[in-house]
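In: Need coordinates for the following:
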Amino acid sequence: MDRIFYFSRPIKRLISIVIDTLAIIYAFWFAMFLRLDTRLEFYDTDYWYLLALVITMSIITNIVLGLYRAVIRFLNSRAIAAVCLSVFVSSAVLALGALMFDALVPRSIPIIYGAFLLVFIGGSRFVIRSWASRRNSSHMTKVLIYGAGSAGIQLINALRNGREYDPVALIDDDKGLQNLSINGLRVRSAKDIDNVIKKYNVTRILLALPSASKTARSRILNTLEKTKLEVLVIPGMSDLVSGKAKIDDFVEVSIDDLLGRDPVPPNYDLMNADIQNKVVMVTGSGGSIGSELCRQIVEQNPTALILFELTEFALYSIHRELEIYLKDNSSAIKLYPLLGSVSKQKQLEKVMDSFKVQTIYHAAAYKHVPLVEHNVIEGVRNNILGTLRCAQAAINTKVETFVLISTDKAVRPTNVMGTTKRMAELCLQALADKGEHSTRFCMVRFGNVLGSSGSVVPLFKKQISKGGPITLTHKDITRYFMTIPEAAQLVIQAGAMGMGGDVFVLDMGRPVRIYDLASKLIHLSGLHLKHEGNPDGDIEIVETGLRPGEKLYEELLIGEDVGVTGNERIMTASEVFLPWDELSVMIDDLHCACADFDQVKIRDILLKAPTGFTPSDDICDLEYLQRQK
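Out: From the prediction side, this is the model:
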């Protein structure tokens, strides 16, 4: 029987015509036998002439309706309507033909005949369709669909028209849907997942909840993690509506779904305050935060956007992306890609003065903890002196607003990177306190952003794809996480709230244990964690030890004096700072120490500064260590 599926299309059509011809013959004689019983004249030529007419007209009707062009395996509601219309025409031809040939055909025969024919023609097609589906499904991946809403129903139809996945059951938390049958699949509760997986040998779970909140998705994913099956999700509703994605375009579970953090809609008055109809400059515009700031900024319609970046390729990439975006949206915003270093104050002043910059978002920084530990002098030059030079250039050119992108590692730092960022904060606080200028300074402090350079999540996914192991510095290490778009929006809003010298802290939610995060990624990839209790697992998590300057826990506040703002995700911190007269002495000493390549003196200055610096390691600068050999 399987050979039929390999026949050419013309032969398959011929077989369909033969089956329909036999269906018409059998439907007619069954109807006659049921109505006339023993008085049936089987050899009456009038009946066979009548049948020849009915067969001919029925086959022609089926051809016109396209029943022989339709692929039986993919029959839909239109095909059902075509079959019904074909049966109606065939019954009508039978009634009229009986009058033409003066055959003994009771008036009820066309109705009985039509009923039989509908069963034979329609039934034969659906039997073949079912047979083909079962034949194909035996080689397909059995999947469980979580979500019996409209997205889940569309997903079932899309999968049944494909050859990769075979949906076997639906799961939904809505009690009103449970135990109902949708498209032939029974809707079950989340409590039945394990039984369904065992019964149907499910190997993958598809999450069809494009409109669900992050909190709800996180709760569901925590439940599905226990199944140790790979979980894929359909795209978000915005992508489906816009046409960027199809219902059966599956993606891996995103890390922000695991974190369960629902974004707060931005306040557009604050988003516009420092950007709309203004000239805006972003330093470090090619970095993770800087590039996202640029994307958010162009949506607020500035007059011009200056992209200031040290790395050529990073500048090219963000400039090209924004050029395409502005062209597609017929925007008149002017883009200026400028290569340069924030440590060159004269260049900064020329740029700010020439373009009449009004708002600066200072995202340029070296932020990779181990690299800054190994390159102390460049870390100090870029993060401290570069920030100061940029701020002084802003003052000299009468820039209205200057927003520093800071980090949670600036709180009680144990590494050079965090200390340099806290020193950068102290510089702006001192300049704001000093007055004698019109520039408004503020700082925004937050933790890790998902997908940034150096983020653990892309690294973990890459290690999983290679079969492991996942490398982790310490089993108990925890971090705060936030998505890059949310961080950029909150930075812009916080900058608009600042009065001068403000330190804003973003609400990062609950800290995440990195070991747990790695475990979830393994399980939701359909793999098993390898450990002492499960030596046959797929992926092992290996501890490599804390890197130079790395902390187990991060903090966002130095003190307890926290204030609220109009945005529930933005807080203010009141923290100790040095007056400019005292701080400037330290800055001069740092400048001299960098010029002399004196890492010991730099360490001593940073220890004396009011940053709370408590280094976890000795000096790790690579040049210094090489010199000591």
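
In: quick one: contacts for the spatially closest residue to Leu622 that is not a sequence neighbour?
Out: Of all residues not flanking Leu622 in the chain, His374 sits nearest, at 4.7 Å (CB to CB, 6 or more residues apart in numbering). Where C-beta positions appear, they are placed from N, C-alpha and C, glycine not excepted. Residues near His374 by CB atoms under 8 Å, 6 or more residues apart in numbering: 548, 620-622.

In: Narrow these to those that are buried.
Out: 548, 620-621 (16 or more other CB atoms under 10 Å).

In: Which members of these occur in strands, if any?
Out: Among the buried ones among the contacts of His374, no member is found in strands (DSSP state E).

In: Among these, which one sits closest to Ile197?
Out: The closest of those to Ile197 turns out to be Pro548 (CB to CB; 45.4 Å).

In: quick one: contacts for the closest one?
Out: Residues near Pro548 by CB under 8 Å, 6+ apart: 369-370, 373-374, 415, 616-617, 620.

In: how is this structure carved up into domains?
Out: Domain segmentation of the chain under automatic domain parsing yields 2-135, 140-253, 268-447+482-508+555-608.

In: I'd like those domains as CSV, with distance to Glu540 and mean pLDDT appended.
Out: Below are the domains of the chain laid out as CSV (distance: least, CB to CB, whole Å; pLDDT from 0 to 100):
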stretch, distance to Glu540, mean pLDDT
domain 2-135, 40, 74
domain 140-253, 15, 77
domain 268-447+482-508+555-608, 23, 90
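
In: Can you tell me which of those domains is most buried?
Out: Ranked by mean neighbour count, the domains of the chain are led by domain 268-447+482-508+555-608 with a mean of 20 (mean count of other CB atoms under 10 Å).

In: Ends of it, what's the gap?
Out: Start-to-end span of domain 268-447+482-508+555-608 (CA to CA, to the nearest Å) is 42 Å.

In: picking up where we left off before, got the buried ones among the contacts of His374 as CSV, with distance to Val87 and pLDDT columns?
Out: Shown next, in CSV, are the buried ones among the contacts of His374 (distance: CB to CB, whole Å; pLDDT from 0 to 100):
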residue, distance to Val87, pLDDT
Pro548, 80, 73
Cys620, 84, 88
Asp621, 87, 89
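
In: Please identify the one among those that lies nearest to Ile80.
Out: Pro548 (69.9 Å).

In: Can you give me the distance of that closest one to Ile111?
Out: Distance of Pro548 to Ile111, given as CB to CB, to the nearest Å: 89 Å.

In: go on, Pro337?
Out: 78 Å.

In: before we move on, what about His591?
Out: As judged by CB to CB, His591 and Ile111 stand 101 Å apart.

In: likewise Ile318?
Out: Per CB to CB, Ile318 is found 73 Å from Ile111.

In: Thr483 now?
Out: 65 Å.

In: Please apply the same query to Leu527.
Out: In this view, Leu527 and Ile111 are 61 Å apart by CB to CB.

In: Contacts only, for the residue nearest to Tyr480 when sequence neighbours are not counted.
Out: Using CB to CB, 6+ apart and skipping residues adjacent in sequence, the residue nearest Tyr480 is Gly447, 3.1 Å away. Taking CB under 8 Å, 6+ apart as the criterion, Gly447 is in contact with 407-408, 479-482, 506, 508, 554, 556.

In: With respect to Ile587, which of the contacts of His374 is nearest?
Out: Nearest member of the contacts of His374 to Ile587, counting by CB to CB, is Asp621, at 19.8 Å.

In: pretty sure that closest one is in contact with Val372, am I right?
Out: No. Contact criterion CB atoms under 8 Å: Asp621 and Val372 do not qualify, at 9.6 Å.

In: So Ile464 sits against Ile522, correct?
Out: Yes. Between Ile464 and Ile522 there is a contact at 6.3 Å, judged by CB under 8 Å.

In: Find residues that contact each of the two.
Out: In contact with both Ile464 and Ile522: 470, 539, using CB under 8 Å, 6+ apart.

In: Between the two, which is the more surrounded one?
Out: Higher neighbour count among Ile464 and Ile522: Ile522, with 25 against 20, using other CB atoms under 10 Å.

In: That one in helix, strand or coil?
Out: Secondary structure, DSSP: H, G, I helix; E, B strand; the rest coil: Ile522 is helix.

In: can you pull the contacts of it?
Out: Per CB under 8 Å, 6+ apart, neighbours of Ile522: 464, 470, 528-529, 538-539, 541.

In: Can you flag the buried ones in these?
Out: For these, buried by 16+ other CB under 10 Å: 464, 470, 529, 538-539, 541.

In: and these as JSON lines, adding pLDDT and distance to Asp44?
Out: As requested, the buried ones among the contacts of Ile522 are exported to JSON lines (pLDDT from 0 to 100; distance: CB to CB, whole Å):
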{"residue": "Ile464", "pLDDT": "82", "distance to Asp44": "76"}
{"residue": "Ile470", "pLDDT": "87", "distance to Asp44": "82"}
{"residue": "Leu529", "pLDDT": "82", "distance to Asp44": "78"}
{"residue": "Asp538", "pLDDT": "80", "distance to Asp44": "74"}
{"residue": "Ile539", "pLDDT": "85", "distance to Asp44": "77"}
{"residue": "Ile541", "pLDDT": "88", "distance to Asp44": "84"}
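
In: Return the subset of those residues lying in helices.
Out: The members of the buried ones among the contacts of Ile522 that map onto helices under DSSP state H are Ile464.

In: Do a quick rundown of the strands in the stretch 351-500 of the chain.
Out: For the stretch 351-500 of the chain, the strands defined by DSSP state E, counting those that start in this stretch occupy 359-362, 401-407, 440-446, 448-450, 470-472, 478-479, 481-483.

In: out of those strands, nearest to Leu85?
Out: Each of the strands of the stretch 351-500 of the chain has some distance to Leu85 by CB to CB; the shortest is strand 481-483, at 53.5 Å.

In: so how far is the closest one from its chain's centroid?
Out: Its chain's C-alpha centre and that of strand 481-483 lie 13 Å apart, by CA atoms, centre = their mean, to the nearest Å.

In: Tell me which other helices or strands it touches.
Out: If contacts are counted by 3 or more CB pairs under 8 Å, 6 or more residues apart in numbering; DSSP states H and E, strand 481-483 sits against helix 255-259, strand 448-450.

In: Least reliable of those by average pLDDT, please.
Out: With a mean of 65, helix 255-259 has the lowest mean pLDDT of the helices and strands packed on strand 481-483.

In: And the next helix or strand past that helix?
Out: Using DSSP states H and E, the helix or strand that follows helix 255-259 in sequence is helix 268-273.

In: Give me the helices and strands touching that next one, please.
Out: Helix 268-273 packs on helix 484-497, going by 3+ CB pairs under 8 Å, 6+ apart.
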